[in-house]
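J.: Could you look at this predicted model? Sequence included:
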Amino acid sequence: MDEKIKEKIDNLLENQRFAVIATQDKNSPYTNLVTFLASNDYKKIFFPTNKNTKKFENISSNSKISVLIDNRGNKAEDIKNAMALTAVGITTEIKDGNIIKSFIKKHPYLLDFINSKDCVMMEIDIERYVLVDNFQNVSIINFK
């Protein structure tokens, strides 16, 4: 991976706290705002969710997912400065205490939610990233 692209991806994955995920039910796409944590090798993204949600229902029936992470500030200069990273992959539920500890370290304000009985941690096994910066510069990174 090109060092400049790696640096941009690292910046987004480390510094952004929220992402938009897109799931699919039988008839239509569905999006949600989630908090996330990325693995150090970029190949996995983790997010918690409540089992009693449309999001979890969709993932349970179709594990393919896309994630959008960006740094926009809702300003005109975003045309030149904003970056958007789309990740595409397969999602599974995990029970890994180390991931949960790392997640809480990044998002300590979610401790009660993470510890609730209906919360599960999801892992996205990333197949590819698509990075767009400067409004139209596109870089694709394939893992599969």
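T.: In hand now; what should we look at?
J.: Tell me where the model's unsure across this protein.
T.: The model of the chain has pLDDT under 70 over residues 1.
J.: Work out for me the element the residue lying farthest from the centre of the chain sits within.
T.: Checked against the mean C-alpha position of the chain, the extreme residue using Cα atoms, centre = their mean is residue 76, at a distance of 25.1 Å. Using DSSP states H and E, residue 76 is not contained in any helix or strand.
J.: Return the residues in contact with it.
T.: By Cβ atoms under 8 Å, 6 or more residues apart in numbering, the contact set of residue 76 is empty. Bear in mind the C-beta positions are built from the backbone N, C-alpha and C, glycine included.
J.: Check the one 3 residues further on too.
T.: With Cβ under 8 Å, 6+ apart as the criterion, the residues that contact residue 79 are residue 135.
J.: And the strands in this structure?
T.: Listed in chain order, the strands of the chain (DSSP state E) span 18-24, 29-35, 37-38, 44-50, 64-70, 83-94, 119-133, 137-142.
J.: Which strands and helices lie in contact with the fifth one?
T.: Read it as strand 64-70. In terms of contacts (3 or more Cβ pairs under 8 Å, 6 or more residues apart in numbering; DSSP states H and E), strand 64-70 is packed against helix 3-15, strand 18-24, strand 83-94.
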